[in-house]
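>>> quick one, structure for this:
(one chain, ligands or ions: 1)
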Amino acid sequence: MAALTASPAAATLAGADRTRTMASDPHPNDTTQRTMLSQGPLRPARRSACVVVIHGEGLGRRADIDEAPVLVGRSQEADLVIAHKSVSREHCRIWREGDGYRILDLGATNATRLNDRRIDGESALADGDQVTVGESILKFISQDSVEARYHEEIYQLATHDALTELYNRRHFIEMADKEIARAMRHARPLSLCIVDVDLFKPVNDRYGHISGDEVLRQIAALLRRHARSDDLAARIGGEEFALLLPECDALAAQAFADRLREAVAVAPFAPGGEPQRITISIGVAALATGRDARPALMAAADAALYRAKSEGRNRVCVEP
Ligand SMILES: Nc1nc2c(ncn2[C@@H]2O[C@H](COP(=O)(O)OP(=O)(O)OP(=O)(O)O)[C@@H](O)[C@H]2O)c(=O)[nH]1
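Next up is the predicted model:
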């Protein structure tokens, strides 16, 4: 639903408090209930400059240009990854300098082009400039604007699951590939948890899909509450979630998963208004020799999840 725009005179309250009597009412004897306009859904914070892929591989992907320079390239370690053969591993760099922004071609095989002209080394960037990187085109947006918000909303839609607002599977896979590459390069620990709701079909069958959806939303909220800011939480299937935990070895991941399992087991679910115990099973796997890429890591966590299910559910199993 579109957010309501409050007039300057209308006070605003959080969404849950739409109707209440004003505490600082200038007419204390007036008992009229006044409707307070909510701020509507949370808006993304004001953005700094960013580059958005507007054509070709990586369409919709965005990188903000804050303090750190942004590396654009095919490498999984780039800040804006464009996984296409026409793009060099390290293609170009964009950064803020004083009040302006600059771009540098990093000797890419297909030289970076700015508004269809080859960049001669380094160049200044202006709002709306188009940067051609291999066969993809990026747009530079220098400030908060309607267009920047449009791209932000498109990006949210493309990367998040509508039901739970966690990352969706596609985005999780992209981010996980990057995180795993980084962890391997720096020899850092990293673990993956795959979470599956136990006996969810009977919940749907008994209370209906809408109540089932509410249960999924509640579980997603618990995942979010337990995850650290660096963790990646996603809904990767109907009643399946994934959590990627950087800087976390198998032992720490197991402890984390067990806390999450317990939190779900004691949470007050009430599908169809009827109190119901819901549990989850979790498979955990850590990066290891021979398990150094995302498909192998996911397969290992899946195998552990399968064991957790077959050993009776509501448990955490770790793949050795
Ligand atoms: N409400 C709702 N249900 C979903 C959604 N996606 C998948 N499901 C349901 O999730 C259920 C998964 O059931 P199963 O795969 O048989 O597994 P289960 O009953 O959870 O049993 P175990 O996994 O073996 O513990 C099915 O009933 C699906 O219809 C969704 O988005 N919303």
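
>>> and the gap between E319 and R224?
Counting by C-beta to C-beta, to the nearest Å, the separation of E319 from R224 is 25 Å. Where C-beta positions appear, they are placed from N, C-alpha and C, glycine not excepted.

>>> who has more neighbours out of those two?
Between E319 and R224, counted using other C-beta atoms under 10 Å, E319 has the larger neighbour count: 21 against 13.

>>> is it true that that one touches L305?
No - counting by C-beta atoms under 8 Å, E319 sits too far from L305 to count as a contact (9.1 Å).

>>> overlap in contacts, the two.
The contact sets of E319 and L305 overlap at G283 (C-beta atoms under 8 Å, 6 or more residues apart in numbering).

>>> now do the helix or strand harbouring R217: distance to the chain's middle.
Counting by DSSP states H and E, the element that carries R217 is helix 209-226. Relative to its parent chain, helix 209-226 has a centroid offset of 16 Å by C-alpha atoms, centre = their mean, to the nearest Å.

>>> for that helix, buried residues please.
211-212, 214-216, 218-220, 222-223, 226 (16 or more other C-beta atoms under 10 Å).

>>> stretch 261-274 now?
Under the neighbour-count criterion of 16+ other C-beta under 10 Å, stretch 261-274 has 261, 264, 269, 271 buried.

>>> closest to the ligand among the buried residues of helix 209-226?
Distance to the ligand, by C-beta to the nearest ligand atom, is smallest for G212 among these, at 2.6 Å.

>>> and the closest one, what is it in contact with?
G212 touches 200, 203-204, 271, counting by C-beta under 8 Å, 6+ apart.

>>> repeat that for A301.
Here A301 is in contact with 192-194, 242, 283-285, 319 (C-beta under 8 Å, 6+ apart).

>>> 10 Å instead?
By C-beta atoms under 10 Å, 6 or more residues apart in numbering, the contact set of A301 is 191-195, 242-244, 253, 282-286, 291, 317-319.

>>> residues of this protein that sit close to the ligand?
Contact residues (C-beta under 6 Å from any ligand atom) of the chain with the ligand: 196-201, 204, 209, 212-213, 216, 238-239, 309, 313.

>>> from these, list the buried ones, please.
For the residues of the chain next to the ligand, buried by 16+ other C-beta under 10 Å: 196-198, 200, 204, 212, 216, 239, 309.

>>> just the helices in the stretch 201-320 of the chain please.
Listed in chain order, the helices of the stretch 201-320 of the chain (DSSP state H, counting those that start in this stretch) span residues 209-226, 250-266, 294-310.

>>> for the spatially closest residue to S142 that is not a sequence neighbour, what is the enclosing helix or strand?
Of all residues not flanking S142 in the chain, D127 sits nearest, at 3.9 Å (C-beta to C-beta, 6 or more residues apart in numbering). Here D127 sits in a region with no helix or strand, counting by DSSP H and E.

>>> gap between D127 and I54?
14 Å.

>>> try D213
34 Å.

>>> ok so, going back, closest to L80 among the buried ones among the residues of the chain next to the ligand?
Nearest to L80 among those, counting by C-beta to C-beta, is L216 at 31.5 Å.

>>> quick one, helices of the stretch 51-200 of the chain?
146-159, 169-185, 200-207.

>>> output the contacting helices and strands for the second one.
In terms of contacts (3 or more C-beta pairs under 10 Å, 6 or more residues apart in numbering; DSSP states H and E), helix 169-185 is packed against strand 80-81, helix 146-159, strand 190-197, strand 232-237, strand 240-246, helix 294-310.
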